[in-house]
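Trainee: Sequence and predicted structure are below.
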Amino acid sequence: MSQESERERFIRKGVQDLLDEDEVFLIQREGSGAVTVRQMDEEGVAGLISPLRGTHPELYGQITSASEQIGSASSCLLMLVFLGLAAGICGALGTGLFLDHIPEGMARSAVSALASWWGYALVVIATMMIWSKLDDYLEWRSYKKHRDRILYAADSASIRPEPLMAFLQGDQAAEKLLAYLKKDRNLEYYDTTALL
């Protein structure tokens, strides 16, 4: 038995009677000799203890990078553009700018009826729905850009997509990538040899 294993066993015996079932603490001795103890919840433990972090650090780095890029595929600027578009449409409705270009009749009365609080709400809601769908599309496109590289790296490490998802479960650094891996219906037919 190695010295590290004996040390782990010694520490385990020392704290065994102090812990309740499923209780997790992070114990750290700092350079100054001070010891800090923090109780961890499930999410904190999953974030600290990723099986891939220690066994496949290069793959884990690629996964966290891809996940961050997927999460930032759509920018705040895009949301501001859509909010500006909604404000512009509401302003045009309020000032009657559209009415000059619409012939008399039912269409003109419908547009003039939109110049009210419910019309403005309808414009803002429709604009936010379009922005949300565009945001999802941009994230999906970013995921597809990274998927082949991640799955090829995982396959090179002899990790199939399903175990990869199990390893990433609960890891906040990889949550965006994991969400799209779970939604990807093509994974069961995925063949990394086609990438060679």
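Mentor: Perfect, thanks for sending it. In this text, all values refer to a predicted model and were calculated from it rather than measured experimentally.

Trainee: Arg53 - how many residues pack around it?
Mentor: As a burial measure, Arg53 scores 18 neighbours (other CB atoms under 10 Å). The way it works is simple: take the backbone N, C-alpha and C, and place the C-beta from them, glycine included.

Trainee: from what I can see it touches Gly61, true?
Mentor: No. Counting by CB atoms under 8 Å, Arg53 sits too far from Gly61 to count as a contact (9.1 Å).

Trainee: check contacts around the spatially most central residue of the chain.
Mentor: Nearest to the mean C-alpha position of the chain, by CA atoms, centre = their mean, lies Lys176 at 2.5 Å. Contact analysis of Lys176 by CB atoms under 8 Å, 6 or more residues apart in numbering lists 67-68, 70-71, 139, 143.

Trainee: of those residues, buried ones?
Mentor: 67, 70, 139, 143 (16 or more other CB atoms under 10 Å).

Trainee: Need the max-distance pair from those.
Mentor: Across the buried ones among the contacts of Lys176, the longest distance by CB to CB is 10.6 Å; it joins Ser67 and Glu139.

Trainee: in this structure, which spans are helices?
Mentor: Using DSSP state H, the helices found in the chain span residues 3-15, 42-48, 51-55, 57-71, 76-95, 106-113, 117-156, 161-168, 175-183.

Trainee: From the rest of the structure, what touches the shortest one?
Mentor: Put plainly, it is helix 51-55. By CB under 8 Å, 6+ apart, helix 51-55 touches 59-60, 63, 167-168.

Trainee: Relative to Trp118, how far out is Ala110?
Mentor: 13 Å (CB to CB, to the nearest Å).

Trainee: Give me the neighbour count for the residue lying closest to Ser142 once chain neighbours are set aside.
Mentor: Of all residues not flanking Ser142 in the chain, Ala73 sits nearest, at 3.8 Å (CB to CB, 6 or more residues apart in numbering). Ala73 has 18 neighbours, counted by other CB under 10 Å.

Trainee: among the helices of the chain, which is nearest Ala34?
Mentor: helix 3-15 (17.5 Å).
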